[in-house]
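In: pasting the sequence and the predicted coordinates here, then a few questions.
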Amino acid sequence: MDDGESKKESRRREIEGGEEEIGAKQGSICGFESLHSLLQSSLKTETFQEVSRLLLGLNCGKPLQQLDLPDVSSALALEHDFDIQSYTFQAEKESTREPRIVRVGLIQNSISLPTTASILDQKKALIERVKPLIDAAGACGVNILCLQEAWMMPFAFCTREKKWCEFAEPIDGESTRFLQELAQKFNMVIVNPILERDVNHGDVLWNTAVIIGNHGNIIGKHRKNHIPRVGDFNESTYYMEGNTGHPVFETVFGKIGVNICYGRHHPLNWLAFGLNGAEIVFNPSATVGELSEPMWPIEARNAAIANSYFVGSINRVGTEVFPNPFTSGDGKPQHADFGHFYGSSYFSAPDASCSPSLSRYRSGLLISDMDLNLCRQLKDKWGFRMTSRYDMYANTLSQYLDPDFTPQIITDPLFHKQS
Ligand SMILES: NC(=O)NCCC(=O)O
């Protein structure tokens, strides 16, 4: 048994005998931070390589390479207890275009204070939690960074209590001002997902992503298009479906769009960002294991393939407990937490490759270099835009929207006779 194999064997024994340790790490997968680390530690090297090829795909015919990060970022990760990982997606060399390599970062985090702390203290603690992760991204030269959905608050929408509306802030509010400084300092585009208070339109609320340019300027905003009405996701009690369409923001580092959380279940939402020319679409999310975990590794990856762009998927981590128990009309006993937010942020590429995901229970920073030339290379290879038959679907959709629509069903003439 070589050294690597014996380490794996002893880890396996540790896991098999270590139920206590497993239970102690709430949110772990059999004691591991992620499915990837479980497989890596549990399988023989060659078996793991083959499993990875099938699960994560290949980029330019090779497994995804890891990036070297500066020591300062690893030191920050150690000091502030966060997961940090980095990869690089390559493209084929072209004769007429230089590579367009951009370094992209995703941040997932847990809340820092209990939900019973004062709102001001909770916000301050979240800023303090996220700051070292952004500093690490800055030290690594990240060009575009995206935070998780409504990162400046606990995901309190399960409760339906209106006191949480106090977390809302205008587009140029506290979190934007905090990030504007860092955007300028690190020459970084930052996507800031917030609960927005629209002060110019009667103080209404939205679930919004503010796009901050690398000079600290506000480039624009996008409001969540699809609002969930599933399980404890009672967000429709707080805000309505967005009214900003599918904007793509042309930044100095590339064209980006933001498909906020539940929008990832809607293929047309992904499509519209693609039609508007997005090269990277971020999916800042807040979702829990019981509800959506089997969907998580599929939907964004499928969108990246179908639309020939990169996707950065982010989910918060941890279990958030609220002062008053709630129910959500699903017959379940009243409860005071939302379930476990399973993190697992990851990148997907247009060539069907994807990165391993971040921890299932720790805050983390995922960094990836991506050559944006890969988008057009995949369009040329697969021709999805050319073969898409949009005219046919436009027709079907407009027929469907007619109140007198009848589905196009051709019934077997023998079917009714048989029954
Ligand atoms: N935040 C949010 O939209 N969550 C909905 C649940 C899901 O889409 O998995």
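Out: All right, it came through fine.

In: which residues of the stretch 251-400 of the chain lie near the ligand?
Out: 261, 262, 285, 286, 287, 291, 292 (Cβ under 6 Å from any ligand atom). Where you see a C-beta, it was placed from the backbone N, CA and C, and this is true even at glycine.

In: just send those residues back as JSON lines, with secondary structure too.
Out: Shown next, in JSON lines, are those (DSSP: H, G, I helix; E, B strand; the rest coil):
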{"residue": "261", "secondary structure": "helix"}
{"residue": "262", "secondary structure": "helix"}
{"residue": "285", "secondary structure": "strand"}
{"residue": "286", "secondary structure": "coil"}
{"residue": "287", "secondary structure": "coil"}
{"residue": "291", "secondary structure": "helix"}
{"residue": "292", "secondary structure": "helix"}
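
In: next SSE downstream of the helix or strand bottoming out on mean pLDDT in the chain?
Out: One helix or strand of the chain scores below all others by mean pLDDT, DSSP states H and E: helix 19-24, with a mean of 42. Using DSSP states H and E, the helix or strand that follows helix 19-24 in sequence is helix 35-42.

In: any buried residues in the helix or strand following that next one, and which?
Out: Going down the chain from helix 35-42, the next helix or strand is helix 45-56, by DSSP H and E. For helix 45-56, the neighbour count (16 or more other Cβ atoms under 10 Å) marks 48, 52, 56 as buried.

In: what's the answer for stretch 339-346, then?
Out: 339, 340, 341, 342, 343, 344, 345, 346.

In: let's see which of the residues you listed end up in strands.
Out: Judged by DSSP state E, the buried residues of stretch 339-346 include 339, 340, 341, 342, 346 as members of strands.

In: tell me which two of those sit farthest apart.
Out: Pairwise distances across these peak at 20.1 Å for 339 and 346 (criterion: Cβ to Cβ).

In: from the buried residues of stretch 339-346, which is closest to residue 305?
Out: Using Cβ to Cβ, the buried residues of stretch 339-346 come closest to residue 305 at residue 346, 14.3 Å.

In: contacting residues around whichever strand or helix holds residue 136?
Out: When elements are assigned from DSSP H and E, residue 136 belongs to helix 119-139. Contacting residues not belonging to helix 119-139 are listed as 70, 72-73, 76-77, 79-80, 82, 84, 105, 107, 109-113, 115, 117, 145, 147, 151-154, 166-167, 174-175, 178-179, 182, 185-186, 188, 190, 363-365, 367 [Cβ atoms under 8 Å, 6 or more residues apart in numbering].

In: narrow these to those that are buried.
Out: 73, 76-77, 80, 82, 84, 105, 107, 109-113, 115, 145, 147, 151-154, 167, 175, 178-179, 182, 186, 188, 190, 363-365, 367.

In: in helices only, show me the residues you listed.
Out: Applying DSSP state H to the buried ones among the contacts of helix 119-139, the entries found in helices are 73, 76, 77, 175, 178, 179, 182, 186.

In: the third one contacts residue 365, doesn't it?
Out: Yes - Residue 77 lies in contact with residue 365 (Cβ atoms under 8 Å); the separation is 7.3 Å.

In: just put the buried residues of stretch 339-346 in TSV and tack on pLDDT and distance to residue 405.
Out: As requested, the buried residues of stretch 339-346 are exported to TSV (pLDDT from 0 to 100; distance: Cβ to Cβ, whole Å):
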residue	pLDDT	distance to residue 405
339	93	38
340	95	41
341	97	39
342	97	39
343	98	42
344	98	39
345	98	40
346	98	39
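
In: for residue 377, what are its contacts?
Out: Taking Cβ under 8 Å, 6+ apart, we find residue 377 in contact with 91, 92, 94, 351.

In: how much space between the first one and the ligand?
Out: Think residue 91. 31 Å (Cβ to the nearest ligand atom, to the nearest Å).

In: and the pLDDT for the residue nearest to residue 28 when sequence neighbours are not counted?
Out: Distances taken as Cβ to Cβ, 6 or more residues apart in numbering put residue 361 closest to residue 28, at 5.9 Å, once the chain neighbours are dropped. In this prediction, residue 361 carries a pLDDT score of 96.

In: residues near the residue in the stretch 51-200 of the chain positioned nearest to the ligand, how many?
Out: Closest to the ligand within the stretch 51-200 of the chain is residue 149: 5.6 Å, counting by Cβ to the nearest ligand atom. For residue 149, the number of neighbouring residues by other Cβ atoms under 10 Å comes to 25.

In: near the ligand, which residues of the stretch 1-150 of the chain?
Out: So far as Cβ under 6 Å from any ligand atom goes, the stretch 1-150 of the chain lies against the ligand at residue 149.

In: where does the stretch 1-150 of the chain have low pLDDT?
Out: Scanning the stretch 1-150 of the chain for pLDDT under 70 picks out 1-25.

In: pretty sure the residue of the stretch 51-200 of the chain closest to the ligand contacts residue 263?
Out: No - using Cβ under 8 Å as the test, residue 149 is too far from residue 263 to be in contact (10.4 Å).

In: helix/strand/coil for the residue lying farthest from the centre of the chain?
Out: Using Cα atoms, centre = their mean, the residue of the chain lying farthest from its centre is residue 417. It sits 51.3 Å away. Here residue 417 is recorded as helix under three-state DSSP.

In: quick one: it from residue 407, how far?
Out: Distance, residue 417 to residue 407, using Cβ to Cβ, to the nearest Å: 22 Å.

In: next: residue 72.
Out: 60 Å.

In: swap in residue 273?
Out: Distance check for residue 273 against residue 407: by Cβ to Cβ, it reads 29 Å.

In: burial count for residue 388?
Out: By other Cβ under 10 Å, neighbour count at residue 388 equals 13.

In: so which strand or helix has it?
Out: Assigned by DSSP H and E, residue 388 falls outside every helix and strand.

In: ok, it - contacts?
Out: Counted by Cβ under 8 Å, 6+ apart, residue 388 has zero contacts.

In: per-residue confidence for it?
Out: On the pLDDT scale, residue 388 gets 97.

In: so residue 219: helix, strand or coil?
Out: Put simply, residue 219 is strand when judged by three-state DSSP.

In: can you list phi and psi of residue 343 for me?
Out: The phi/psi pair for residue 343 (degrees, to the nearest 10) reads phi 50, psi -120.

In: isn't it right up against residue 319?
Out: No - contact criterion Cβ under 8 Å: residue 343 and residue 319 do not qualify, at 11.7 Å.
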